[in-house]
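Novice: A predicted structure for the sequence below; I have some questions about it.
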Amino acid sequence: MKVLIVEDDIQLNTTIKRFLELQNNNVESTLDGAEAILLIDSNKYDIYIIDINLPNISGLEIVKYIRQKDINTPIIIITASLEVDNFVQAYDNGCSEYIKKPFHLKELEIRMNHLLEIKKIDILTISNDITYNFEFRELKIRGKVVKLRKKVNRLLYILLKNINHTVKTEDIINYVWENEIKENYSLRQHIAELRKEFMLDKNHIVSEVGVGYKFEV
């Protein structure tokens with residue numbers, strides 16, 4: 001397993017790195033937010049461990065940056081901050097877990113393993129007639145594969161990866177439209193197409209006005 005640690009406390013950074021390496025993990029670490037972005041752009045990681053308060057670029061901004069291109073890889077935020085706003089923003093930006101310092105390394109290990117087990121789920125059963133294969137991004141209804149347009153498939157993917165949780169409109173747009181110029185989006189048309197074309201009950205896809213959308217089962 002390849003891990004990236006972004007933590008500016010040298011002692012804690014070193015301690016976590018050594019602990020994870022003793023379990024035969026491939027661990028890279030940095031003390032700086034800007035350097036973290038460079039590592040993220042040039043490497044593929046299985047899990048991220050990120051502090052909030054970092055030099056140059058904050059951990060919250062790093063989480064947001066990761067989620068613009070990768071909604072799947074688990075991200076654990078570690079912080080001494082007790083501010084509720086940081087907690088809320090961390091989850092809004094897409095973190096998977098939030099651990100307050102000080103913490104026991106065994107707690108970190110347990111949470112990492114839990115997140116990685118969840119990630120292994122390949123096929124989601126939405127109902128008796130509908131399944132979705134995350135590995136192949138394949139929707140099946142009554143045993144037949146439904147051909148999805150690329151953006152509609154990405155929309156369905158991000159909603160199902162966050163099933164029963166509201167995904168912010170901004171996050172959906174950033175993911176579905178990738179790095180395209182962002183103007184005149186037809187997100188509502190894609191939502192309508194998803195409901196109609198794939199015969200999903202309208203109650204599955206719930207709109208939270210001014211916030212985003214949720215796939216609810």
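Specialist: All right, it came through fine. Because the structure is predicted, anything quoted here is derived from the model rather than measured. Residues are numbered from 1 along each chain as shown.

Novice: what residues are up against Arg154?
Specialist: With contacts defined as Cβ atoms under 8 Å, 6 or more residues apart in numbering, Arg154 is in contact with 175-176. (Glycine included, C-beta is placed from N, CA and C.)

Novice: Same check on the one 10 residues further on?
Specialist: Under the criterion of Cβ under 8 Å, 6+ apart, the neighbours of Asn164 are 214-217.

Novice: same thing but at 6 Å, please
Specialist: Asn164 makes contact with Glu216 under the criterion Cβ atoms under 6 Å, 6 or more residues apart in numbering.

Novice: To which secondary structure element is it assigned?
Specialist: Using DSSP states H and E, Asn164 sits in no helix or strand.

Novice: can you list the domains in this structure?
Specialist: 2-119, 123-215 (automatic domain parsing).

Novice: highest average neighbour count across those domains?
Specialist: Mean neighbour count (mean count of other Cβ atoms under 10 Å) peaks for domain 2-119 among those, with a mean of 16.

Novice: quick one, what contacts the residue lying farthest from the centre of the chain?
Specialist: In the chain, the residue that sits farthest from the middle, by Cα atoms, centre = their mean, is Arg142; the gap is 29.1 Å. Residues near Arg142 by Cβ under 6 Å, 6+ apart: Asp129.

Novice: Tell me the confidence at it?
Specialist: Note for Arg142: predicted pLDDT of 83.

Novice: Likewise for Leu22?
Specialist: If you check Leu22, the pLDDT there is 93.

Novice: and it, what does it touch?
Specialist: Leu22 sits in contact with no residue, where contact means Cβ under 6 Å, 6+ apart.

Novice: Repeat that for Asp122.
Specialist: Asp122 makes contacts with 134-135, as judged by Cβ under 6 Å, 6+ apart.

Novice: same question, Phe134
Specialist: So Phe134 contacts Asp122 (Cβ under 6 Å, 6+ apart).

Novice: Swap in 7 Å and give it another go.
Specialist: Taking Cβ atoms under 7 Å, 6 or more residues apart in numbering, we find Phe134 in contact with 122, 124.

Novice: and the residue most central in space within the chain, how far is that from Ile163?
Specialist: When Cα atoms, centre = their mean is applied to the chain, the residue found nearest the centroid is Ile71 (3.5 Å). Distance of Ile71 to Ile163, computed by Cβ to Cβ, to the nearest Å: 12 Å.

Novice: Would you mind measuring from the residue farthest from the centre of the chain to Thr125?
Specialist: 13 Å.

Novice: could I get the host helix or strand of Ser29 in PDB with only the CA atoms?
Specialist: For Ser29, the host element (DSSP H and E) is strand 26-30. Extracted in PDB, the C-alpha atoms of strand 26-30 (Å, rounded to 0.1, in the frame of the first residue of the first chain):
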ATOM      1  CA  ASN A  26       5.400   2.200   0.900                       C
ATOM      2  CA  VAL A  27       5.300   5.600   2.600                       C
ATOM      3  CA  GLU A  28       6.100   9.100   1.300                       C
ATOM      4  CA  SER A  29       5.900  12.200   3.500                       C
ATOM      5  CA  THR A  30       6.300  15.900   3.300                       C
END
